[in-house]
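Trainee: This is a predicted model, with the sequence first.
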Amino acid sequence: MLTAIGSCRHLWNEALAQRKERWQKGRKSTSYNHQQWMLTQERRANSELAALHSQVAQDVLRRLDKAFQRFFKHQAGHPRFKRFTTSGSLTYPQCYNGSVRPDVLRGRLYLSKIGNVKVVFHRMLPKEALLKTCTVIREPCGEWYASLVYEDIMPLQNVIARHITSPLGVDLGLKSLIVTSDGVEVPHPRFLRKAEKRLKHLQKTLSRKKKDSKNRVKARRRVASCHAKVARQRADLNHKLSANLVKEHDLIGFEALQIKNMVKSHNLSKSIHDAAWGQLVRFTEYKAALKGTRLVKVDGSYSTQECFHCGTLNRINLGERDFVCSGCGRILNRDLNASRIVLKRAIAKVGQGMPELKPAETWPLLVWTTRRASEVKDAGTIGAQKALEVRGNKPTEGCHVENARGDPDR
Ligand SMILES: [Zn+2]
């Protein structure tokens, strides 16, 4: 299998070199189809290529073509040559034709042109679904994985316009990883920071090893193992968090983050990468789609400054965790307030009988997030019921206006 991965890398480099050469010599562009045709010719003469499953080789060229398309659209840099490593991957794009056959009973996976490989299945395979692609990956730490993609595992739940009963706003942060609008805080686990000491030690040992020695390979693998562990810890936490979010709520609001831009600030970039917000949102997204939960990404601008109760924009310094609203005088927790603003905007976005809220005309939420928090009915604030009367509406079915029960949060 390692030779197959090596052949794929070789093919990538050869194909890339061919494209470069054709362009430099004759200003000719090379199409995917042209290279595909070349591949067929090459396979007759080259035993290394012939040993590779035809579709696996085609997939390499397809990926190279995609890389060039992205380069032409200025979405990515110029495709680069792959240097020799012991890690890599190969993809069977159409497994349903029999090129890949998983055998759960015998604990093995048949890969065409490679043979039967011993595997450990870590979950049940879907029965009535089409096996589409299989990617065999060798991680830098030396572990092998096969990822099988099935089509139509479960028909996606139709997200019909139901009345939302338990919406939730989520604020992503660095102090706490997430703060939800019902007051749950999950601290930032800082997996990378915690592993840093060991990583530093391992890096140092690696740098002392002689070049091209076996001990250097071993040391490099140890560093990779440490990184792989951090990645697993992160993914594990994010899977658990996203599962919980989707289980208990039927509308989840996230801030649409521009993580790429945020990472540019260097002193925070490591912590931002370590937080893996993008992964959490991605996991929640697919789990929500399976369950029929709505996930809304809202504009996050001014979410920390805007008061959730009165809509006043406050000036807050970065370090401040709590602040006093200049409009209504309430003491607000920065993250909790932000998550409620996200919630408010998410509800406005799905249009549950509420117009898009602007800071100036914000009034208390018609739908409450939890049983714990209740509607705000303080002096100077228009209550939800009253707000509707003022506007000449009756509360619609979708708007659950709960009675004030006293608010333990404040
Ligand atoms: Zn206020």
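Mentor: Right, received. Where do you want to start?
Trainee: Enumerate the strands of the chain by residue range, in sequence order.
Mentor: Secondary structure of the chain (DSSP state E): strands at 88-92, 100-103, 108-111, 115-118, 130-138, 144-151, 167-172, 176-180, 185-187, 251-255, 294-298, 322-324, 331-333.
Trainee: Need those in TSV (columns: mean neighbour count, distance to residue 203 and mean pLDDT).
Mentor: C-beta here means a position set from N, CA and C on the backbone, and glycine is covered the same way. What follows is the strands of the chain, written out as TSV (neighbours: other Cβ atoms under 10 Å; distance: least, Cβ to Cβ, whole Å; pLDDT from 0 to 100):
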stretch	mean neighbour count	distance to residue 203	mean pLDDT
strand 88-92	20	23	93
strand 100-103	16	37	92
strand 108-111	18	35	94
strand 115-118	11	33	93
strand 130-138	18	22	93
strand 144-151	14	25	92
strand 167-172	26	30	90
strand 176-180	23	26	90
strand 185-187	14	27	89
strand 251-255	26	35	91
strand 294-298	20	37	89
strand 322-324	15	40	86
strand 331-333	16	39	86
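Trainee: out of these, nearest to the ion?
Mentor: Comparison of those against the ion by Cβ to the ion identifies strand 331-333 as nearest, at 7.3 Å.
Trainee: follow-up on the earlier one: dump the strands of the chain into a markdown table; add distance to residue 74 as well.
Mentor: Written out in a markdown table, the entries for the strands of the chain read as follows (distance: least, Cβ to Cβ, whole Å):
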| stretch | distance to residue 74 |
| --- | --- |
| strand 88-92 | 26 |
| strand 100-103 | 36 |
| strand 108-111 | 37 |
| strand 115-118 | 40 |
| strand 130-138 | 28 |
| strand 144-151 | 29 |
| strand 167-172 | 29 |
| strand 176-180 | 34 |
| strand 185-187 | 38 |
| strand 251-255 | 27 |
| strand 294-298 | 25 |
| strand 322-324 | 42 |
| strand 331-333 | 42 |
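Trainee: So for the residue lying closest to residue 67 once chain neighbours are set aside, what's the pLDDT?
Mentor: When the adjacent residues along the chain are set aside, residue 67 lies closest to residue 79, with 4.1 Å between them (Cβ to Cβ, 6 or more residues apart in numbering). According to the per-residue confidence, residue 79 scores 94 in pLDDT.
Trainee: any idea how far residue 79 lies from residue 7?
Mentor: As judged by Cβ to Cβ, to the nearest Å, residue 79 and residue 7 stand 18 Å apart.
Trainee: Quick check: the nearest residue to residue 39 once chain neighbours are set aside vs the ion, distance?
Mentor: With sequence-adjacent residues excluded and distances taken as Cβ to Cβ, 6+ apart, residue 39 is closest to residue 57, at 5.9 Å. Using Cβ to the ion, to the nearest Å, residue 57 is found at 63 Å from the ion.
Trainee: Good, we can wrap up now.
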